[in-house]
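Trainee: Kindly return the folded structure for what I paste below:
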Amino acid sequence: MNEDTDDRESEDSTTAASPMGTPVCSHCGSPIETTDWFPIVTETTENGSVVLHSFCDEACQDAWNRQQSDEQQQSERRQSESRQETNVE
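Mentor: Now for the predicted structure:
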């Protein structure tokens, strides 16, 4: 389990595994030891594809979840502002 998860940089990569096939953490990019249990999150994209996000530990999963929530809120805020600007004109 990794410590200081919030200090790790988030990977903006869609690669779920290293070139050698080892899964990597969707938050920090660290290789995941597959002989141990590790957390995952599934996400369904707009086109119906299912994406599997693997994490090296629960702290990285929590940090990734917070980041996704923040990004969703920002997107909703921008959409709301855009609709308001359209209604003013």
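Trainee: low pLDDT regions in this protein?
Mentor: 1-20, 87-89 (pLDDT under 70).
Trainee: Not counting sequence-adjacent ones, nearest residue to the residue nearest the centre of the chain?
Mentor: Centroid-nearest residue in the chain: Trp64, 4.6 Å away (criterion: Cα atoms, centre = their mean). Counting by Cβ to Cβ, 6 or more residues apart in numbering, His27 is the residue found nearest to Trp64 once chain neighbours are left out, at 4.1 Å. C-beta coordinates here come from the backbone N, C-alpha and C atoms, glycine included.
Trainee: The residue nearest to the centre of the chain is in contact with Ser26, isn't it?
Mentor: Yes - assessed by Cβ atoms under 8 Å, Trp64 is found in contact with Ser26 at 5.8 Å.
Trainee: quick check, the residue nearest to the centre of the chain in a strand?
Mentor: No - with DSSP: H, G, I helix; E, B strand; the rest coil as the criterion, Trp64 is helix rather than part of a strand.
Trainee: Run through the neighbouring helices and strands of the helix or strand where Arg78 lies.
Mentor: Following DSSP states H and E, one finds Arg78 within helix 58-88. Here helix 58-88 touches strand 40-44, going by 3 or more Cβ pairs under 8 Å, 6 or more residues apart in numbering; DSSP states H and E.
Trainee: residues of the strand it packs on that come out buried?
Mentor: If you call a residue buried by 16 or more other Cβ atoms under 10 Å, then strand 40-44 has no buried ones at all.
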